[in-house]
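A.B. asks: Generate coordinates for the sequence data below:
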Amino acid sequence: MEFEGEFELEGVEPEDAWVVLSDPVAVRDALKGCRYIVPMDDGDFDFDNYEPEEDVPTLPDVDPEVVADRAFVEGGKYAALMQIGVGSVKPRFETRVTIIEREYPKMVATAVVPPRTAVSRWNPE
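C.D. replies: The predicted structure is shown next:
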């Protein structure tokens, strides 16, 4: 499976986009089929038994400090579960995401869905 593309956020300041794209909850909500993106301990995560929090508020309905506290961190490792289906076929993609670099205005992450690895870069310049 390959994902590729670009998009432009018209009328959005780069600083505002940075805050939203740094929030695992906002990213989860924006990705169709993403059930969760949560910090994980030392590469070990129980995808089968984890129950994600429901109805977690995002900007503008939550204090920006709350978003800052849960923001992606450089070097952080996250578990993400994607479940995208067509008809009765609904495969699960147990993904391990590492934030390689995160210093405004640039963020680089790798996502590993065995046996593949993808790299994502965000830079508003």
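A.B. asks: Tell me the pLDDT of the closest residue in space to residue 76 that isn't next to it in sequence.
C.D. replies: Nearest residue to residue 76 in three dimensions, chain neighbours excluded: residue 99, at 4.9 Å (Cβ to Cβ, 6 or more residues apart in numbering). C-beta: built from backbone N, CA, C; applies to glycine. pLDDT recorded at residue 99 is 94.
A.B. asks: ok but residue 99 is inside a strand, no?
C.D. replies: Yes: membership of residue 99 in a strand is supported by DSSP: H, G, I helix; E, B strand; the rest coil.
A.B. asks: show me where this structure has strands.
C.D. replies: 34-39, 77-83, 92-103, 106-113, 116-122 (DSSP state E).
A.B. asks: on that earlier part again, bridging residues for the residue nearest to residue 76?
C.D. replies: For residue 99, the beta-bridge partners are residue 109 (DSSP bridges).
A.B. asks: what does the one 4 residues further on give?
C.D. replies: Applying DSSP bridges to residue 103 gives these bridge partners: residue 106.
A.B. asks: Distance-wise, check it relative to residue 34.
C.D. replies: In this view, residue 103 and residue 34 are 25 Å apart by Cβ to Cβ, to the nearest Å.
A.B. asks: hang on, the residue nearest to residue 76 packs against residue 74?
C.D. replies: Yes: applying Cβ atoms under 8 Å, one finds residue 99 in contact with residue 74, separated by 5.5 Å.
A.B. asks: quick one: which of those two has more around it?
C.D. replies: In this view residue 99 and residue 74 are compared by other Cβ atoms under 10 Å, and residue 99 has more residues nearby, 19 against 13.
A.B. asks: circling back: adding distance to residue 59, write the strands of the chain out as TSV.
C.D. replies: Output for the strands of the chain, formatted as TSV (distance: least, Cβ to Cβ, whole Å):
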stretch	distance to residue 59
strand 34-39	16
strand 77-83	19
strand 92-103	18
strand 106-113	17
strand 116-122	17
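A.B. asks: Relative to residue 11, which of these is closest?
C.D. replies: Checking the strands of the chain against residue 11 by Cβ to Cβ gives strand 116-122 as the closest, at 18.0 Å.
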